[in-house]
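Visitor: here are the coordinates; sequence isn't available:
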């Protein structure tokens, strides 16, 4: 049966443009499966827009959105606004798909918005979204779960860097940015100070990780549908240099092999770690887990609750096959929301016996 799906993308984020690619791709995959799609684009200024033209990536090249209709997400759907900001029509939706990369869009805000708007969300919840957008909090969570990650130092200022004991080489990562933005390798203190100073222009903190020599970048994705966690095969991403850069990911600087040419023992461990973290945190939606492999040691590096292109290349043979994955996570979201909405909300009656002026200033 055809569904009406709000695809939310963009956001106040350095990854806004990458999100446009993911959002328009996902929207068109859903359309190809017979669903009605309501695109909801959030600009870098935080304004919401909607309209059929937002299904075309070319519509975003000028950066001028004044001709687009404004939008409000609330009450189980999307309000479409006219040029004066007044409601022109309301479109009820069956579910929403979060395609925002980075910023508050991936960090829990879209998840919270959908809860308040009474819209089932095919994606991670507010808790795991805000947890995994922060690389420092990710480290703490992985330690609690007994999952190995790379040694690190958490830095919030250059003064904090001067007090730390550093063994080179290291990698500097802004704590809450994605797409390898601001990620640099440093071989000495001068390079490190420059990298940290640069990263702090875009983020409030950084983590400085030990650089793993002879590293291999291995990715694995997972989603939950029909009551079970489904994991992908492992992929190896090859870099154009010492680290997997923005250019490697989006400008053709790198390449990947799927499935990764690694021993079955290692592949099995990566899949088990992926399922462990996903299951323990009761996650939903499509999530990509990025690992570093050194010899037989497996480090879980990052957890992406809104991965680039929703990791379709890990979970399907192409766009046509990917519809089945999206359809599955959307059906799961609707099922989860029905269970959530059926729970009673307690009314204690405490307000019935409280004087009406008790909260007014100056009243004793």
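Guide: Perfect, I can see it now. What you are looking at is a predicted structure, and each value in this text was computed from that prediction instead of being measured. Numbering: from 1, shown residues only.

Visitor: pLDDT weak spots in the chain?
Guide: By pLDDT under 70, the weakly predicted segments of the chain are 178-180, 240-254, 362-364.

Visitor: give me the number of residues near residue 67?
Guide: Residue 67: 11 surrounding residues under other CB atoms under 10 Å. C-beta here means a position set from N, CA and C on the backbone, and glycine is covered the same way.

Visitor: give the buried residues for stretch 281-290.
Guide: 281, 283-290 (16 or more other CB atoms under 10 Å).

Visitor: helices of the stretch 101-250 of the chain, start to end?
Guide: For the stretch 101-250 of the chain, helices defined by DSSP state H, counting those that start in this stretch occupy the ranges 103-104, 110-116, 126-132, 135-144, 158-163, 189-199, 246-250.

Visitor: for the longest one, buried residues please.
Guide: Using 16+ other CB under 10 Å as the test for burial, helix 189-199 gives 191-192, 195-196, 199.

Visitor: now that helix, how far from the chain's geometric center?
Guide: Centroid separation for helix 189-199 versus its chain: 27 Å, with CA atoms, centre = their mean, to the nearest Å.

Visitor: would you mind pulling up the elements that the helix or strand residue 330 falls within packs against?
Guide: Per DSSP states H and E: residue 330 is located in helix 319-341. Helix 319-341 sits against helix 16-32, strand 95-98, strand 216-225, helix 312-315, with contacts defined as 3 or more CB pairs under 8 Å, 6 or more residues apart in numbering; DSSP states H and E.

Visitor: next up, the contacts around residue 11.
Guide: Residues in contact with residue 11 (CB atoms under 8 Å, 6 or more residues apart in numbering) are 19, 42, 44, 100-106, 110.

Visitor: ignoring the adjacent residues along the chain, who's closest to it?
Guide: residue 105 (3.2 Å; CB to CB, 6 or more residues apart in numbering).

Visitor: list the contacts of residue 98.
Guide: So residue 98 contacts 8, 105-106, 110-111, 114, 121-124, 285, 306 (CB under 8 Å, 6+ apart).

Visitor: hmm, I was thinking of residue 92
Guide: 4, 76-77.

Visitor: distance of it from residue 79?
Guide: The gap separating residue 92 from residue 79 is 11 Å, by CB to CB, to the nearest Å.

Visitor: if we can go back for a sec, ok, the buried residues of helix 189-199 vs residue 51, which is closest?
Guide: If you rank those by distance to residue 51 using CB to CB, residue 199 comes first, at 36.3 Å.

Visitor: looking at it, the closest one is touching residue 176, isn't it?
Guide: No. Here residue 199 lies out of contact with residue 176, judged by CB atoms under 8 Å, at a distance of 10.6 Å.

Visitor: please identify which helix or strand holds the residue nearest in space to the middle of the chain.
Guide: With distances taken as CA atoms, centre = their mean, residue 306 lies nearest the centre of the chain, 2.7 Å away. Assigned by DSSP H and E, residue 306 belongs to neither a helix nor a strand.

Visitor: who's in contact with the nearest residue to it once chain neighbours are set aside?
Guide: Nearest non-adjacent residue to residue 306, counting by CB to CB, 6+ apart: residue 106, 4.5 Å away. Contact analysis of residue 106 by CB under 8 Å, 6+ apart lists 11, 13, 98, 100, 129, 133, 178, 305-306.

Visitor: on that earlier part again, of the contacts of residue 92, which is the most crowded?
Guide: Ranked by neighbour count (other CB under 10 Å), the contacts of residue 92 have residue 77 at the top, with 21 neighbours.

Visitor: the closest residue to residue 76 other than its chain neighbours: how many residues sit nearby?
Guide: Once flanking residues are discounted, residue 76 sits nearest to residue 118: 4.8 Å by CB to CB, 6+ apart. Other residues within reach of residue 118, judged by other CB under 10 Å, total 13.

Visitor: residue 75 is in contact with residue 118, correct?
Guide: Yes. The criterion here is CB under 8 Å, and residue 118 meets it with residue 75 at 6.7 Å.

Visitor: shared neighbours, those two?
Guide: Joint contacts of residue 118 and residue 75 (CB under 8 Å, 6+ apart) do not exist.

Visitor: any idea how many residues pack against residue 91?
Guide: By other CB under 10 Å, 15 other residues sit near residue 91.

Visitor: if I've got this straight, it is in a strand?
Guide: Yes. Counting by DSSP: H, G, I helix; E, B strand; the rest coil, residue 91 is located in a strand.

Visitor: follow-up on the earlier one: which of the contacts of residue 11 are buried?
Guide: Buried members of these, scored by 16+ other CB under 10 Å, are 19, 42, 100-106, 110.
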